[in-house]
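>>> pasting the sequence and the predicted coordinates here, then a few questions.
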Amino acid sequence: MSSFAKMDGLEFESQYHDLMFIQMCLQDAYNAASELQTQIGGNDWKGKAKNEMLAYLDLLKQYQGALIGKTNGSNPVQEGIDALKQLMDHLDSFYSECGVFRELEKL
């Protein structure tokens, strides 16, 4: 009898929904930072504190933008979602068609 357990995909489904939520939160945070940056840039606030706040918001937007594909052309969160979706779609065929897994299962 095989000691290899087959995953039924329920764990992947949960992770998929978590990634979708993370992507939505990052997009919301990016939009909020952009709006705040615009508001601060357009008001009468002057001085070092304003410049520091704008620099902080710029760094925050760069970080969040990099994760959601706004700043570097790559979108790692979406790539993770797509890869997980593809894995979920092909999980059954992996177990039935992967020769290496079938050999391991016989051990």
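Nice, thanks for sending it over.

>>> tell me which helix or strand the residue nearest the centre of the chain sits in.
Against the mean C-alpha coordinate of the chain, by Cα atoms, centre = their mean, the closest residue is Val77 at 2.3 Å. Using DSSP states H and E, Val77 sits within helix 76-97.

>>> distance from the next helix or strand after that helix to the middle of the chain?
Scanning forward in sequence from helix 76-97 by DSSP H and E, the next helix or strand is helix 99-106. With Cα atoms, centre = their mean, to the nearest Å as the basis, helix 99-106 stands 32 Å off its chain's centre.

>>> excluding chain neighbours, what is closest to Pro76?
Using Cβ to Cβ, 6 or more residues apart in numbering and skipping residues adjacent in sequence, the residue nearest Pro76 is Leu67, 6.0 Å away. Just so you know, the C-beta spots here come from the backbone N, C-alpha and C atoms, and that holds for glycine as well.

>>> that neighbour contacts Gln78, correct?
No: applying Cβ atoms under 8 Å as the test, Leu67 and Gln78 come out as separate, 9.4 Å apart.

>>> the more surrounded of these two?
In this view Leu67 and Gln78 are compared by other Cβ atoms under 10 Å, and Leu67 has more residues nearby, 21 against 15.
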